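Peer 1: Build me a model from this:
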Amino acid sequence: MKTADVLRRLNIPRHKLYYLEQKGYIHPVRVSMGDLEARRYSDRDVMMAEAVWKYLCLGFRHKVAYVKAMEEIEEIDDHSRPRGDRVSSLSPALARRG
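Peer 2: Next up, the predicted model:
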């Protein structure tokens, strides 16, 4: 997704979006366009930026907002994985507990 599309979708200031990149919270791909360079954001970048921005707007500091956003995205990832994958990933942990 282009920068302008992300800014419009999230209603986030450009400098805040770039700050999230600077902090390493998102990792857009840089694409050369002649003498210029544009950023392309993956769906995961957009999800992360949206979640971090939400927590920042709620008053959380950047590190806490990032941690909460990561937890939120991991939960979404867990729910989107096929059930068999979730069960098989638990098996080693359950075996260690035994």
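Peer 1: And what about Asp77, helix, strand or coil?
Peer 2: helix (DSSP: H, G, I helix; E, B strand; the rest coil).
Peer 1: Revised request: answer the last question for Glu37.
Peer 2: strand.
Peer 1: Does Arg40 touch Ser32 like I think?
Peer 2: No: using CB atoms under 8 Å, Arg40 is not in contact with Ser32; the gap is 11.3 Å. In this view, the C-beta of every residue, glycine as well, is placed from N, C-alpha and C.
Peer 1: Looking at these two, which has the bigger crowd around it?
Peer 2: Higher neighbour count among Arg40 and Ser32: Arg40, with 14 against 8, using other CB atoms under 10 Å.
Peer 1: Could you tell me how far the closest residue to the more buried one other than its chain neighbours is located from Arg39?
Peer 2: Spatially, and ignoring its direct neighbours in sequence, Arg40 is nearest to Val29 (4.8 Å; CB to CB, 6 or more residues apart in numbering). Between Val29 and Arg39 the computed distance is 7 Å (CB to CB, to the nearest Å).
Peer 1: quick one, phi psi at Val31?
Peer 2: Note on Val31: backbone dihedrals following degrees, to the nearest 10 are phi -120, psi 130.
Peer 1: cool, and Arg61?
Peer 2: Torsion angles, degrees, to the nearest 10, at Arg61: phi -70, psi 160.
Peer 1: Near it, how many other residues are there?
Peer 2: 9.
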